[in-house]
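Novice: I would like to see how this sequence folds:
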Amino acid sequence: MESFKEAIVIGAGNWGRPIAGLLSGNVPVRLWTIDQREAESLNARYEQLWPKAKRVCEIVIEPKFASSFSEDDTLIVMAVPSSQIPSVAEELARHTTRPTILSVSKGFDIDWFCTPSGMIIRQIPRAMVVCLTGPTIANEVAVGMPTTAVLSSDHLAALARIKEGLRNDVINFEVARNPRQHEVCAALKGIVAIGVGMADGLSLGVNFQSVVIARGIKEMVRIASFFDIPKDIVYGLSGIGDVMTTCMSHNSRNRKLGYFIGKGLKLQEALDRVEMTVEGVAMAKTIQTLWSLDVSIPVFHFINDAIFDKKLDLRREFIDVLRKFA
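Specialist: Residues are numbered from 1 along each chain as shown. As a prediction, this is how the structure comes out:
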């Protein structure tokens with residue numbers, strides 16, 4: 001199978017940079033930033049971010065769409081926050097009609113009720129999209145700690161080509177069909193992690209955090225059933241695998257957000273403390289819609305209310321909702 005001749009990573013955040021580093025072991029990489037200022041800032045830290053020992057090919061850092069590319073020979077990696085995908089994909093559509101895209105973003109668009117791959121396809125209908133999900137905390141990948149993730153797509157040729165193009169010693173890959181199902185599970189994990197962080201911020205203990213995880217997974221299964229997602233996906237790497245990583249890691253943005261909310265900060269104050277995009281907040285807005293459709297998710301509903309400051313006695317009501325869980 002013909003390999004890619006280069007890769008373009010759109011988005012130079014905490015996840016885009018490690019992905020660029022992994023790909024540079026196989027092909028030349030262009031890392032596209034939001035503007036020239038960010039490109040210059042990253043270039044000044046080039047050797048620190050990607051030591052020579054971890055690179056085979058060059059990483060060129062430049063503002064997005066600063067140079068042209070070949071549609072057939074280039075792997076495009078979408079590594080921007082989910083809220084930015086529609087505008088970036090719309091811009092990308094002016095340069096290509098049938099790109100091969102690896103989506104590494106996690107989130108959910110409440111307006112269109114769709115996952116990142118759906119947002120891309122709305123703008124580029126003929127795009128061949130492969131999604132990466134699973135336990136992939138960015139800072140661990142960046143320093144070479146091993147993990148296993150899922151590549152999913154309904155474009156089997158693109159799936160095989162990307163798996164080969166991404167071969168590395170850090171992330172081992174499983175492959176699957178039905179990317180939307182894996183993306184939904186990946187988005188739901190953020191709600192559980194926010195709940196675990198809240199429990200930590202409220203000093204409710206590890207036992208209580210474990211109850212939040214167990215109840216949260218049960219509600220993930222209920223939501224999965226609503227979306228016709230098999231339980232095997234919930235219980236796999238895109239579901240429980242990602243849930244456990246996001247809940248255990250103190251570097252998790254979702255967990256950090258929950259912790260600050262548990263400490264009494266309002267949502268915007270908590271987001272300011274995290275200092276990065278928290279995709280779980282976007283998914284939380286979807287929870288209210290599911291609740292209105294009579295999906296039985298009392299714990300997720302409570303966490304949603306806590307995120308958006310609708311609870312007066314957070315500690316007491318959190319304990320109560322876990323005790324009344326059915």
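Novice: for this structure, which segments are assigned as strands?
Specialist: Counting by DSSP state E, the segments of the chain that form strands are 6-10, 29-33, 59-63, 74-78, 100-103, 128-133, 147-152, 171-176.
Novice: quick one: low-confidence parts of this protein?
Specialist: 1-2, 53, 311, 325-326 (pLDDT under 70).
Novice: about what we covered before: could you dump the strands of the chain to a markdown table with distance to residue 291?
Specialist: Heads up, the C-betas are built off the backbone N, CA and C, glycines and all. A markdown table is the format used below for the strands of the chain (distance: least, CB to CB, whole Å):
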| stretch | distance to residue 291 |
| --- | --- |
| strand 6-10 | 34 |
| strand 29-33 | 38 |
| strand 59-63 | 42 |
| strand 74-78 | 30 |
| strand 100-103 | 27 |
| strand 128-133 | 24 |
| strand 147-152 | 27 |
| strand 171-176 | 29 |
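Novice: now the ones you listed as a markdown table including mean neighbour count and distance to residue 306?
Specialist: Converted to a markdown table, the strands of the chain look like this (neighbours: other CB atoms under 10 Å; distance: least, CB to CB, whole Å):
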| stretch | mean neighbour count | distance to residue 306 |
| --- | --- | --- |
| strand 6-10 | 25 | 33 |
| strand 29-33 | 25 | 35 |
| strand 59-63 | 19 | 39 |
| strand 74-78 | 26 | 31 |
| strand 100-103 | 26 | 29 |
| strand 128-133 | 27 | 26 |
| strand 147-152 | 21 | 30 |
| strand 171-176 | 17 | 33 |
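Novice: need the helices for the stretch 51-200 of the chain, in chain order.
Specialist: Secondary structure of the stretch 51-200 of the chain, counting by DSSP state H, counting those that start in this stretch: helices at 85-92, 116-123, 138-142, 156-165, 179-201.
Novice: most tightly packed of those?
Specialist: helix 179-201 (a mean of 28; mean count of other CB atoms under 10 Å).
Novice: need the contact list for the residue most central in space within the chain.
Specialist: Nearest to the geometric centre of the chain sits residue 106, at 2.7 Å (CA atoms, centre = their mean). Residues near residue 106 by CB atoms under 8 Å, 6 or more residues apart in numbering: 82, 116, 133, 183, 186, 187, 190, 279.
Novice: next, the distance between the ends of stretch 260-280.
Specialist: 14 Å (CA to CA, to the nearest Å).
Novice: in that stretch, what counts as buried?
Specialist: By neighbour count on 16 or more other CB atoms under 10 Å, the buried set for stretch 260-280 is 260-263, 265, 267, 270-271, 274, 277-280.
Novice: which other residues reach it?
Specialist: With CB under 8 Å, 6+ apart, stretch 260-280 has contacts from 13-14, 81-83, 105-108, 187, 190-191, 193-194, 197-202, 253-254, 256-257, 281, 306-309, 314.
Novice: swap the cut-off to 7 Å and go again
Specialist: 14, 81-82, 106-107, 187, 190-191, 193-194, 197-202, 253-254, 256-257, 306-309 (CB atoms under 7 Å, 6 or more residues apart in numbering).
Novice: would you turn the contacts of residue 106 into a markdown table with distance to residue 293?
Specialist: Output for the contacts of residue 106, formatted as a markdown table (distance: CB to CB, whole Å):
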| residue | distance to residue 293 |
| --- | --- |
| 82 | 22 |
| 116 | 22 |
| 133 | 24 |
| 183 | 20 |
| 186 | 21 |
| 187 | 17 |
| 190 | 20 |
| 279 | 22 |
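Novice: please identify which of the residues you listed is nearest to residue 23.
Specialist: residue 133 (17.9 Å; CB to CB).
Novice: beta partners of that closest one?
Specialist: For residue 133, the beta-bridge partners under DSSP bridges are residue 150.
Novice: just checking, it touches residue 186?
Specialist: Yes - the pair residue 133 and residue 186 qualifies as a contact (CB atoms under 7 Å) at a distance of 4.2 Å.
Novice: mind listing the shared neighbours of these two?
Specialist: 238, 242.
Novice: ok, back up a step: in JSON lines: the helices of the stretch 51-200 of the chain, plus distance to residue 75.
Specialist: Listed next are these as JSON lines, based on distance: least, CB to CB, whole Å:
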{"stretch": "helix 85-92", "distance to residue 75": "13"}
{"stretch": "helix 116-123", "distance to residue 75": "14"}
{"stretch": "helix 138-142", "distance to residue 75": "17"}
{"stretch": "helix 156-165", "distance to residue 75": "6"}
{"stretch": "helix 179-201", "distance to residue 75": "16"}
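Novice: quick one: closest of the ones you listed to residue 238.
Specialist: Nearest of the helices of the stretch 51-200 of the chain (CB to CB): helix 179-201, 4.1 Å.
Novice: neighbours of residue 259, just the number please.
Specialist: 23 (other CB atoms under 10 Å).
Novice: if I look at it, how far off is residue 283?
Specialist: Residue 259 is 18 Å from residue 283, where distance means CB to CB, to the nearest Å.
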